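**Q** structure for the following, please:
(chains A and B)
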Amino acid sequence: MSCLRLAILLIVAFWSVPAAAQDVSELIRQLGESDPKPAIEALAKQDDPKAKAALEALAKGLLFRRLEDGAVVIGDPDGKMFAITNAETGDVEDMLEPDKIEVIALDAAAKGLLEQAGIGGAKAAVPLDFAGAVKGLNADSFDTKRTAIDQLTALGDGRAIPVLQALADGRLFSRKSDGLIVIGDPDGNRLRLTDASTLKVVGIGDAGDLDPVFINNNLRNVVSEAVGKLGLLSPDAGQRRRAADALIGNATPDAVGLLRKAFAEERNGDVRSAMALAIASAEVAAEDKGARLAAVDVLAGSTDLRVRSLLQARLAAETDPNVRAAVQIAFDSVQRKLQVIGWAANLFQGISLGSVLLLAAIGLAITFGVMGVINMAHGEMIMLGAYTTYVTQEVFRAFIPQAYFDLYLLCAVPAGFAVAALAGIALERGVIRFLYGRALETLLATWGISLILQQLVRTVFGAPNKEVSNPSWMTGGFDLVGGFTVTWNRLVIILFCFLVLGAIALILRRTSFGLHMRAVTQNRDMAAAMGIPTARIDAMTFGLGSGVAGMAGVALSQIGNVSPNLGQIYIVDSFLVVVFGGVGSLAGTLVGAMSLGIVNKLLEPVAGAVLGKVAILVAIILFIQRRPRGLFALKGRAADA
Amino acid sequence: MRERYPTYPLLSAVGWLGFAGVGVLLLLVPIANLFVPPGSALHMPDYLVPLIGKYCTYAMLALALDLIWGYAGILSLGHGAFFALGGYCMGMYLMRQIGARGVYGNAELPDFMVFLNWKELPWYWQGFDMFWFAAIMVVLVPGILAFVLGWLTFRSRVTGVYLSIITQAMTFALLLAFFRNDMGFGGNNGLTDFKEILGFNVQAPETRIGLYLASVIGLAATFLLCRWIVTSKLGRVCLAIRDAESRVRFLGYSATGAKLFVFTLSAVLAGIAGALYVPQVGIINPSEFSPANSIEVAIWVAVGGRGTLVGAVLGAFVVNWGKTWLTGAAPDAWLFVLGGLFVAVTLIFPKGIVGLAQQIRLRREAPRAVAKPAEGD
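**A** Next up is the predicted model:
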């Protein structure tokens, strides 16, 4: 049995390998080489979504070289991290800190090439006035919207603050009757409308008369930054604080002047310290020694990454021994604090990863752990759930008023469960039931099914990634301590995964279906003799396991893009979790998922992502030699089943 | 003693006839390419010659897998690795033949090493400028790897899925290793831009015909060798191991030795196939190590008919022809077909095309057999 499980564990590990390198992937890889121009030219001629995405990212400065393996990746800023999409394969891969990637720089000739190809050259065309920029916020593409936001920031017009704020809060609409961009403030059951370009109240309206102006997570970040810079003198304390924060380490002399003025008038303690930090970050390079010392003193209390690099740079540049010593002490103190925060952040990331793994693995714990079926198509069940979420979102956008849009996710959970469960039952009835007890055949057949499902989804929805937006109650996050942000979507997923785990435990322990399921697992013949319809229980068990995978897909759609090979990313780890935790034990699955998630995230900064994974794989193989039945082995008769 | 075992002829009279027929057919390909004028309906277009040559090397690989899976019950899901290793050995020879004609004009170092700023040739590239050395390595490298792997696993009686996985782990590990630039095998790009083989231009039509003939001869020799093994006493022992390994051990045969022999031989055959493959397609890169490739080989064998050598060859030709045709005609449909094949050969026709033919023949004879008891009623 242990051999079999080890075997399965390994076999599964190898599906995630990319298929044969293709021309486009090869060209994209060459973008990362010292001279990207030939590759740009060649890619511009390709009519391929990956080529387009890579070039667009390149034009925007979002194409990176991953330092660890040299792969060319697209990074979407997400908080302080980057969501990494492998440009060569189009797969969403990971979140990375900015220091793990380096941006692929362009010289003037390369930029010219990109503009020739019609990429990244559209910015200058839009008029530079406030009303025009406001109109641009309702453009069709997110790129144009971004340009409009940048223009609003560049105009430095204080009127932009409420408009951008409304955009970020989902209160910006375009009126259906005349296309006027308005801010809608709740007024009883209706909305009080303000013309966004003049900030004059234009009347009262219903949500049905208005089209919302959509933005995505990236734009939300851009907006908040813009609001910050505009907001140093805003009446709202939170806005002033964000504005000051944005200026740390990069305040221009006139910004410092502005900061000083604001600082003198500031009464709010939080805002004052943020401003003081921003001023100090500029002062630390001042002529006057006393001013430098004072600035270093202020900086020592910070836990900001920018402050650390600032101090490090200062350490190299400082000539005065006294100031140097002070800088050293300040640097050490910041470094120490950052380290602690880093560990805490890694821990949170690990728990978050663990909860995702747990969601992906609970279904597997049922189909593989309880039924002993090696289902290579389990990952595709996750993928089906994610696509169901996407479809639900589109249906809500099309037919349901905007006000209820946030509820789409609540509908997607049962929908994802139902779709995946039905697919699972069909798979069990159609294929797997003929192959019980023939592990190798099950493996080959379900691998075939997984190929078919992936291609099916690719045919129906197209190969490019689909974006599923977070409902507003899952966007953003809160700063726990400096530099350690807890995002709502991760937090919700952690809670959701424990809910699912609890529900499964209840079904197994407290319902007659659960009882039958356990009976069939422990002794099929005896259960049949007692009148339990074993074939139906098999189908339902498989449906339950697949359905839970579908719900995992719903959750995964909230933290990454949805793509046809989404399932392949998680299948490896979920098999690892089940084997490590002990087959057929929910507690084992929980502990397995959490420890794998946390160890993974703690190892990553030390050993790098790939090496860390290999280390974990080897460790688990060794562990299984010692404890062939996993951490939480079943005992007694049940173990022989 | 010898008479106690029934002896089997290498091939029956009909078998030899078929073998010769297929051989003549395959030899007609270059003739139809070179001597029939392009306008004629019988003319074989230039691109088809290396394509069929490629299928021949795939068929050799399928034979190698069938020898161990169909006859000894060892499902290796890493046979693509042996194939690729043979290919890399040949690729290294071809790389060294480029000499100073590379982009960087370095007589000693291949282009990618110059690009990586390497100063001298790594030790494991020494000797590959000589064809005989490369040819020996084509046999030795996959052979030794298979021997070591087989010795470790068969000795500890690792069988079934577990063994499949270990072989797959091996090919996966090699895939990762060969993807790395600092391994010195060209990383992601692999080895390509070949110029000459044994002094002949690899692009020239005559060289292509020569390579094609080598593949056909290789396939014929592999077929006869495998046939000779499965009809020998060793072949009988292998079949017995496949069906009841413990019983074979109790009877006093060395199951480990027999398995180790066929496994190593099979890996060598796969390596030779890979070496014939590389000059015809003009590139070898790490994607050949991808586990998905190896599992596809299992499908060729299963589609043709596992446990029959004709089936393995037939399956390799049919599936690959279908793949070439479909990926051109309807690229989206190929994965559906491949996926469907996986399900079909496990559920519907576990004995493949050859088995299907047998079933049809049996069914045709069946009414006669059934008719008699029906009369009795």
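**Q** just give me the neighbour total for the closest residue to residue A:208 other than its chain neighbours.
**A** Of all residues not flanking residue A:208 in the chain, residue A:401 sits nearest, at 6.3 Å (Cβ to Cβ, 6 or more residues apart in numbering or on different chains). Using the backbone N, CA and C atoms, a C-beta is placed for each residue, glycine as well. Counted with other Cβ atoms under 10 Å in any protein chain shown, residues neighbouring residue A:401 total 12.
**Q** what does residue A:530 give?
**A** As a burial measure, residue A:530 scores 10 neighbours (other Cβ under 10 Å).
**Q** and the closest residue to residue B:309 other than its chain neighbours, how close does it get to residue A:506?
**A** Nearest non-adjacent residue to residue B:309, counting by Cβ to Cβ, 6+ apart: residue B:226, 5.4 Å away. According to Cβ to Cβ, to the nearest Å, residue B:226 stands 58 Å off from residue A:506.
**Q** report the central residue of the chain.
**A** All of this refers to chain A. residue A:559 (3.5 Å; Cα atoms, centre = their mean).
**Q** chain B is the one I meant
**A** Centroid-nearest residue in chain B: residue B:61, 0.8 Å away (criterion: Cα atoms, centre = their mean).
**Q** which residues touch the residue lying closest to residue B:352 once chain neighbours are set aside?
**A** Among residues not flanking residue B:352 along the chain, residue B:305 sits closest, at 3.3 Å (Cβ to Cβ, 6+ apart). The contact partners of residue B:305, taken as Cβ atoms under 8 Å, 6 or more residues apart in numbering or on different chains, are B:311, B:312, B:314, B:315, B:351, B:352, B:353, B:354, B:355.
**Q** end to end, how far does stretch A:67-86 reach?
**A** From its first residue to its last, stretch A:67-86 covers 13 Å (Cα to Cα, to the nearest Å).
**Q** surely residue A:222 and residue A:149 touch.
**A** Yes. Here residue A:222 reaches residue A:149: they are 5.4 Å apart, a contact under Cβ atoms under 8 Å.
**Q** those two: which is more packed in?
**A** Neighbours per residue (other Cβ under 10 Å) separate residue A:222 from residue A:149, with residue A:149 holding more: 24 against 20.
**Q** looking at this, that one is in a helix?
**A** Yes. Assessed by DSSP: H, G, I helix; E, B strand; the rest coil, residue A:149 belongs to a helix.
**Q** for residue A:136, see how far away it is.
**A** Residue A:149 sits 8 Å away from residue A:136, taking Cβ to Cβ as the criterion.
**Q** then residue A:144?
**A** Applying Cβ to Cβ, the value for residue A:144 to residue A:136 is 6 Å.
**Q** the two: which has the busier surroundings?
**A** residue A:136 (20 against 17).
**Q** now residue A:592. Nearest residue, chain neighbours left out?
**A** Using Cβ to Cβ, 6+ apart and skipping the chain neighbours, the partner closest in space to residue A:592 is residue A:581 (2.8 Å).
**Q** in terms of helix, strand or coil, where does the residue of chain A at minimum distance from chain B fall?
**A** Closest contact between chain A and chain B, by Cβ to the nearest Cβ, is at residue A:448 (2.5 Å). Put simply, residue A:448 is helix when judged by three-state DSSP.
**Q** how about stretch B:320-330 as CSV, C-alpha atoms only?
**A** Extracted C-alpha coordinates of stretch B:320-330, given in CSV (Å, rounded to 0.1, in the frame of the first residue of the first chain):
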residue,chain,number,x,y,z
ASN,B,320,1.4,9.1,-35.0
TRP,B,321,-0.1,9.4,-38.5
GLY,B,322,-3.4,10.4,-36.8
LYS,B,323,-1.5,12.9,-34.7
THR,B,324,0.3,14.4,-37.7
TRP,B,325,-2.9,14.6,-39.7
LEU,B,326,-5.1,15.9,-36.9
THR,B,327,-2.8,18.5,-35.5
GLY,B,328,-2.7,19.9,-39.1
ALA,B,329,-6.4,19.5,-40.0
ALA,B,330,-8.1,20.2,-36.7
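**Q** in that stretch, what counts as buried?
**A** By 16 or more other Cβ atoms under 10 Å in any protein chain shown, the buried positions in stretch B:320-330 come out as B:320, B:326.
**Q** is chain A contacted by it?
**A** No. Applying Cβ under 8 Å from any Cβ of the partner chain, one finds stretch B:320-330 separated from chain A by no less than 10.8 Å.
**Q** tell me which of residue B:226 and residue A:506 has more neighbours.
**A** Counted by other Cβ under 10 Å, residue B:226 and residue A:506 do not tie: residue B:226 has more neighbours, with 25 against 11.
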